[in-house]
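> Sharing a model prediction with you, sequence too.
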Amino acid sequence: MGELGSTITLKPVVQRNHWRVEMSWPGRTSRYFGHFLSRTEAEKWIEEHRWLAKQSQELNEEPSQTT
């Protein structure tokens, strides 16, 4: 869930007794967000913040300007 292209992946992960959202980039260290009581809450956070991955993907897809 939450994978957008090969730029950034957002996915729910369980850590001890709570859920978090893992944001990962290819070849880089992952970052974790939130402390959620359920996977459903973590997935809701992903849906509400999907623009983070989408914005990054759009920046990487901008055509280079050659003049």
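Nice, thanks for sending it over.
> Identify the residue nearest the geometric centre of the chain.
Centroid check for the chain by C-alpha atoms, centre = their mean gives Leu10 as the closest residue, at 2.6 Å.
> For this protein, which segments count as strands?
For the chain, the strands defined by DSSP state E occupy 3-4, 8-15, 18-24, 31-36.
> Tell me which of the ones you listed lies nearest to Ile46.
Among those, strand 8-15 comes nearest to Ile46, with 4.7 Å by C-beta to C-beta. Yep, even glycine has a C-beta here, placed from its N, CA and C like the rest.
> Now stretch 38-48: buried residues?
Of the residues in stretch 38-48, Glu41, Ala42, Glu43, Trp45, Ile46 count as buried by neighbour count, 16 or more other C-beta atoms under 10 Å.
> dump the residue contacts of the first one.
Taking C-beta atoms under 8 Å, 6 or more residues apart in numbering as the contact definition, Glu41 lies against Trp19.
> ditto for the fourth one
The neighbours of Trp45, taking C-beta under 8 Å, 6+ apart as the test, are Val21, Phe33, Gly34, Phe36.
> Kindly reformat the residues you listed as JSON lines containing neighbour count.
Output for the contacts of Trp45, formatted as JSON lines (neighbours: other C-beta atoms under 10 Å):
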{"residue": "Val21", "neighbour count": "21"}
{"residue": "Phe33", "neighbour count": "15"}
{"residue": "Gly34", "neighbour count": "14"}
{"residue": "Phe36", "neighbour count": "18"}
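> The residue lying closest to Ser30 once chain neighbours are set aside pairs with what?
Distance criterion C-beta to C-beta, 6 or more residues apart in numbering; nearest residue to Ser30, sequence neighbours excluded, is Ser24 at 4.1 Å. Here Ser24 sits in beta bridges with Thr9, as judged by DSSP bridges.
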